Structures are given as C-alpha cells and as structure tokens.
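> Sequence first, predicted coordinates after that:
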Amino acid sequence: QQQVKQSPQSLIVQKGGISIINCAYENTAFDYFPWYQQFPGKGPALLIAIRPDVSEKKEGRFTISFNKSAKQFSLHIMDSQPGDSATYFCAASKSYNTDKLIFGTGTRLQVFP
Amino acid sequence: EPEVTQTPSHQVTQMGQEVILRCVPISNHLYFYWYRQILGQKVEFLVSFYNNEISEKSEIFDDQFSVERPDGSNFTLKIRSTKLEDSAMYFCASNLVAGYGYTFGSGTRLTVV
C-alpha cells in the first residue's frame, strides 16, 4: 500500500517530441505528488508537484496530469530537449502528518537530437 | 540559489568501520532528512529530524544508524558498524516548511569493502 509504481523504466524520445511518464499508487491517504529530476552524480531536484484537488498543473514545458479516481498521475514533457535527458522519479506523501516521500522506481529519459 | 552541501562526495570504508556523513542544510531550513539510493534503485527514506529530535524513521534506520545536529549548521548521519549492504548513495535534504518538496544535496557515495 505504500508503493508508488512507475513506468516505463526507460524512454527514448526524439527532440521536439512529448515524453510521458506514468505513476500509480494504492494509498488514498497520499495527498502530495511531486516529480523529481536527477542528473548523473547529482541529487534529485524538485521539478513540479500537485495535490489531489486539481487535475492538472503546468509549469513551462512540464505538466502533471492527475486522475484521483484511477489513483494515477503522469508527467508530460512537451517539446523534449536533449538537456531533459535525466532520470525522473515520481513520489508521494501523506503531507498532513508526515513529509516522508515514497519514491517510484525511476524512468531514465534519453532525448536524441 | 541556496544549496544543501554534502561531504565527502565519495567515501570508501572497510566493513565494520564507523562512518560519518556530513551535510550542511540550507541555513534557514528547519526540517532535515536522510535518504539513500542503492545503485540503480529507487530513493528510500531513512530518517527525518526536526527541533533537535528524530520525527520519523524507516525500518532501514536501525540501531546502527544515528543522526545529529551538533551545531547550528551541520547535520550528520553516523553508521556505527558498516555492512556491505550499506553501500549506496546517501542524500541529505532540508526543508523550510513541512509537507512540501524539499531540497536534496548531491549525495555521498558510500562504498563498503
């Protein structure tokens, strides 16, 4: 119940294309869903986050879509660039009584020119 | 932009030895965390720390682990007697407000031989 399942494990996209990474959770007590971007040798960096009271959040080329009834959320990267090549982690937490993050298994994105 | 600083970036230690991983969180942050990432796997929560005490810890954080904020700037993770399976990347993180995404450091790669 504490797991966050992430897919795909790896993704190859051409420059200018749309990258889509999906996550699913079981625990309906989760109320905070961030996405982190990690470059090799670096720590995860917060990219964008959403709470279940909205179905979509957009920041620049990055959009989170959230489906509360399906217990799924996804990251869309529009106009993908080679600089977006990194590992992406979704995460979830029950922010009202803890800020422990439960991470997904990660998606390695490669964007080719 | 403020950063979480971790030292050393890489530490090699013999099995059974004690190691101390050091972190300097962002100066006005109040909440501190340690996570670890075994090579190629997801990021896992170890412990959270607030108001000079542990607020939450995972099953991984057993009696071999301890955390300390010895002064106003450092936050340390001690592993008393390292095992081979402690080999991982250890990330420190800090936050100003609980319940939101936090800032990770670049990590310390611990190799136990």
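Perfect, thanks for sending it.

> Can you pull the residues of chain A lying near chain B?
Within chain A, the positions near chain B by C-beta under 8 Å from any C-beta of the partner chain are A:32, A:34, A:36, A:41-46, A:49, A:89, A:93, A:95-96, A:98-106. All C-beta atoms are positioned from the backbone trio N, CA, C, and that covers glycine.

> if you set the cut-off to 7 Å instead, what comes out?
Residues of chain A found near chain B (C-beta under 7 Å from any C-beta of the partner chain) are A:32, A:34, A:41-46, A:49, A:89, A:95, A:98-101, A:103-106.

> any idea how far residue A:24 is from residue B:75?
In this view, residue A:24 and residue B:75 are 33 Å apart by C-beta to C-beta, to the nearest Å.

> So between these two, which is more surrounded?
Shown here are residue A:24 and residue B:75; by other C-beta atoms under 10 Å in any protein chain shown, residue B:75 has more neighbours (25 against 17).

> how about stretch B:94-104 as CSV, C-alpha atoms only?
Output of stretch B:94-104 as CSV, limited to C-alpha atoms (Å, rounded to 0.1, in the frame of the first residue of the first chain):
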residue,chain,number,x,y,z
SER,B,94,16.3,20.1,4.1
ASN,B,95,13.0,22.0,4.0
LEU,B,96,11.7,25.2,5.4
VAL,B,97,8.1,24.1,5.6
ALA,B,98,7.0,20.5,6.2
GLY,B,99,4.7,18.9,3.7
TYR,B,100,6.2,20.3,0.5
GLY,B,101,9.1,19.2,-1.8
TYR,B,102,12.5,19.7,-0.3
THR,B,103,16.0,20.4,-1.5
PHE,B,104,18.4,17.5,-1.8
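
> Mind checking which of the residues of chain A next to chain B are in strands?
Mapping the residues of chain A next to chain B onto strands (DSSP state E) picks out A:34, A:45-46, A:49, A:89, A:103.

> Around chain A, pick out the residues from chain B.
So far as C-beta under 7 Å from any C-beta goes, chain B lies against chain A at B:31, B:42-43, B:45, B:48, B:56, B:91, B:95, B:98-99, B:101, B:104-107.

> quick check, nearest of these to residue A:28?
Distance to residue A:28 across the residues of chain B next to chain A (C-beta to C-beta) is lowest for residue B:99, with 17.3 Å.

> Report pLDDT for the closest one.
Here, the pLDDT recorded for residue B:99 equals 68.

> residues touching residue B:60, list them.
Residues near residue B:60 by C-beta atoms under 7 Å, 6 or more residues apart in numbering or on different chains: B:44, B:46.
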